[in-house]
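Trainee: sequence? don't have it. structure:
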Ligand code: F6P
C-alpha cells in the first residue's frame, strides 16, 4: 500500500463514498434550498457552480482534509517560491513569474528573474506591434499579411487556442496559421495560398530539437527560398521562441528575432512566455498583457484564498473524488463557445502529459489511479455526437460545462439558444427522468400497455451524473488568462495529491527515440529484422508497398 492510500483521510473518503454513493442529487437539492449558494463561488470574473456534484458538505470537508494531509499548501508555496518542484529534471516551475504583473521579485538561485522576464516581454511587444502596424515589413517592403506559427504540443496548442478563443480581439489585417503536424499535408496546404513576400514564420520550440517542428521549419525555409526569397531575406521573415537560442541561431534566425524563455517554463505551460509571440501579434502587446493580467489574478486567488473558497483547489479535489473514489476514468471538457474549440485539446495535453504517470515522486509505482482521460468538444455540437453516452451510458463521465454569457459580435438569438443548451444539459444529467415520469408521459401519448412497457426502460434516465458549470460575462483576454490559469493550477493540485511530478514527460521520449531508429530502415538495403515480429513486419510492408 502506498502512503497515500494508507492515510486516514483517504480511508475516511472511501467510507464516506460508500455511505453516500446511493443517494441522488435530486433529493439533496429538494432538501436544501441553499445548495446552489453553498457550492458555488466567483473568482477573477469566473463563476463556478459545483452544486451538481455527488458531494455533501462532509464530502468537501473530507476532501480538504486529504489536501491538507498531502501538504498541498506547502507544495503551492514551494512552486511560487521557485523551489525545484520538477524533481526529476531538478527544475523550478515558474510560469507564474511570466505573468507576475505585480512585478515583485521572483528569486531563483539567488537571482531575481523578473528583469529577464520583463525584457523579453518588452522585446516581444515591440516586435508584435511593429508587425501589426506595418513598421516591420517583409524583405521587399510589403506588409506582413500572414503569420505561420510552427510548433507542436505546448508550442502550438496554446497559441492556437488563444488566437481562436479571442478572435474578436484579433487584428483583421493579418491571417494566422498554425502548422504542427509533421504530415506534410499540413504545411503544404497552409503555404499553398501564401506569398513569401508577406509571410512571417514564427518557429516555436522550447528545445529547438523537436523533430516534427524542425522538419516543418526546414520545409518552410525551403519553400521561402523556392518562391523567390533569398537567404539574406530570412531575417525579415523568420522569428523564433525558444529556450535553446544557440540552435535557433544555427538554423539561421538572427538573434534580434529570437525570443528567449527558460528551462523553468514547462512546454505545456509556455503560452505566457515567448511562445506567446504569435498571440502578441494577434492581440497586440497590450492585449497580450491583458491575458497575463487575468492569469496573474487567478495566481493570486490560488495562492491566497482559503482552500474551501479556492477555485483551482475545488476543481482539483472534485477530480480526485471521482477518479479515486468513484472510479471514473475520464473527464469531459465541454465549452459552449465555438471560439473555445481548442480548449479540450489544450487541456488534454495539460492534464494528461502532466499527471498521466504511474510512478510517484519517490520512484514507487502508484496503487491508485492518476489523470483520468481528458476529452471533449464544443457544445452544442457535441450533444449530437457523444452526449447519448453521457446521459445513458453504463458509467458516468464527470463534465465541465464552460460558457460566456455574452459574446462579441454574436447574434442574440443564437447566444440564447446556446446558453439554454448549456443550462439544460447539466440539468438533464443531474435530474434524469424517472420511470414514473416516463410512464405518465407515455400514457398521455395514448400508448397501449404492451407498447408502453416495451418503450419505458429505454426512456428512463437515471440522472445523478455530476458536472461543473463554469460561467463568465464575456470571453475577453483577462477572462481567458484567468480560465487557463484556473485549470493549470487544478492540474498542479491533482499532481500533489497523487504525489507525481506534473512537470516532466518521460513517457513521450521512448516513441521519439524509436521513430529516429525506424526512419533509416525504410530505405536500408535489406528488410529489417531489428525489432519484434510485428514492428519488423510493418516496416517491411511499408518498404514493399513503396516498391
Ligand atoms: O511531446 C512532448 C513535448 O516535449 C511537449 O511537452 C512539448 O510541448 C512538445 O513536445 C514540444 O516541445 P518543444 O517546444 O521543445 O518543441
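Mentor: Good, I have the coordinates. If you're wondering where the values come from, they're calculated on a predicted model, not measured in any experiment. Residues are numbered from 1 along each chain as shown.
Trainee: what segments of this protein are strands?
Mentor: Taking DSSP state E as the test, the strands found in the chain are 40-43, 46-49, 107-108, 111-112, 146-150, 175-179, 199-204, 238-242, 258-260, 330-336, 373-375, 399-406, 467-474.
Trainee: make CSV out of those strands and add mean pLDDT.
Mentor: As requested, the strands of the chain are exported to CSV (pLDDT from 0 to 100):
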stretch, mean pLDDT
strand 40-43, 98
strand 46-49, 98
strand 107-108, 97
strand 111-112, 98
strand 146-150, 98
strand 175-179, 98
strand 199-204, 98
strand 238-242, 98
strand 258-260, 98
strand 330-336, 98
strand 373-375, 98
strand 399-406, 97
strand 467-474, 98
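Trainee: those strands: which one's closest to residue 418?
Mentor: Smallest distance to residue 418 across these (C-beta to C-beta): 5.5 Å, for strand 330-336. The C-beta positions use only the backbone N, C-alpha and C, and glycine is treated the same way.
Trainee: which residue does the stretch 301-450 of the chain have closest to the ligand?
Mentor: Residue of the stretch 301-450 of the chain nearest the ligand, by C-beta to the nearest ligand atom: residue 353 (5.7 Å).
Trainee: what comes up buried for stretch 425-443?
Mentor: Within stretch 425-443, the residues scored as buried using 16 or more other C-beta atoms under 10 Å are 425, 426, 428, 429, 430, 431, 432, 433, 438, 439, 442.
Trainee: one more: stretch 305-321?
Mentor: By 16+ other C-beta under 10 Å, the buried positions in stretch 305-321 come out as 305, 307, 310-321.
Trainee: per-residue pLDDT, residue 263?
Mentor: Note on residue 263: pLDDT of 97.
Trainee: coming back round to it: nearest to residue 489, of the strands of the chain?
Mentor: Residue 489 sits nearest to strand 40-43 of all the strands of the chain, at 11.0 Å, using C-beta to C-beta.
Trainee: for the closest one, name the packing helices and strands.
Mentor: Secondary-structure packing of strand 40-43 (3 or more C-beta pairs under 8 Å, 6 or more residues apart in numbering; DSSP states H and E): strand 46-49, helix 311-320.
Trainee: sorry, back to before: not counting sequence-adjacent ones, nearest residue to the residue of the stretch 301-450 of the chain closest to the ligand?
Mentor: residue 505 (5.0 Å; C-beta to C-beta, 6 or more residues apart in numbering).
Trainee: got the confidence number for the one you found?
Mentor: On the pLDDT scale, residue 505 gets 96.
Trainee: outside of the one helix or strand in the chain whose mean pLDDT sits lowest, which residues touch it?
Mentor: None of the helices or strands of the chain scores lower by mean pLDDT, DSSP states H and E than helix 509-518, at a mean of 89. By C-beta atoms under 8 Å, 6 or more residues apart in numbering, the list of residues contacting helix 509-518 from outside reads 211, 530, 535, 539.
Trainee: who in the stretch 201-350 of the chain is up against the ligand?
Mentor: 205, 206, 207, 210, 213, 267, 268 (C-beta under 6 Å from any ligand atom).
Trainee: got the contact list for the closest residue to the fifth one other than its chain neighbours?
Mentor: Spelled out, that is residue 213. Leaving aside its chain neighbours, residue 213 sits nearest to residue 205 (4.6 Å; criterion: C-beta to C-beta, 6+ apart). Shown in contact with residue 205 (C-beta under 8 Å, 6+ apart): 151, 152, 155, 213, 214, 240, 241, 242, 244.
Trainee: mind redoing it with 10 Å?
Mentor: By C-beta atoms under 10 Å, 6 or more residues apart in numbering, the contact set of residue 205 is 150-156, 212-214, 216-217, 240-244, 247-248, 251, 267, 275.
Trainee: low-confidence ranges in the stretch 351-500 of the chain?
Mentor: For the stretch 351-500 of the chain, no stretch has pLDDT under 70.
Trainee: ok, back up a step: select only the buried ones of the contacts of residue 205 in PyMOL?
Mentor: The PyMOL command for the buried members of these (criterion: 16+ other C-beta under 10 Å) is given here:
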select buried, resi 150+151+152+153+154+155+156+212+213+214+216+217+240+241+242+243+244+247+248+251+267+275
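Trainee: closest residue of the stretch 1-150 of the chain to the ligand?
Mentor: For the stretch 1-150 of the chain, C-beta to the nearest ligand atom, closest residue to the ligand: residue 150, 9.7 Å.
Trainee: cool, the stretch 251-400 of the chain as well?
Mentor: residue 267 (2.9 Å).
Trainee: count of neighbours near residue 525?
Mentor: A count of neighbours around residue 525, defined by other C-beta atoms under 10 Å, yields 4.
Trainee: related to what we said a few turns ago, just curious, which of the contacts of helix 509-518 is nearest to the ligand?
Mentor: In terms of C-beta to the nearest ligand atom, no member of the contacts of helix 509-518 lies closer to the ligand than residue 211, at 9.0 Å.
Trainee: residues in contact with that closest one?
Mentor: Neighbouring residues of residue 211 by C-beta under 10 Å, 6+ apart: 152, 182, 512, 515, 516, 519.
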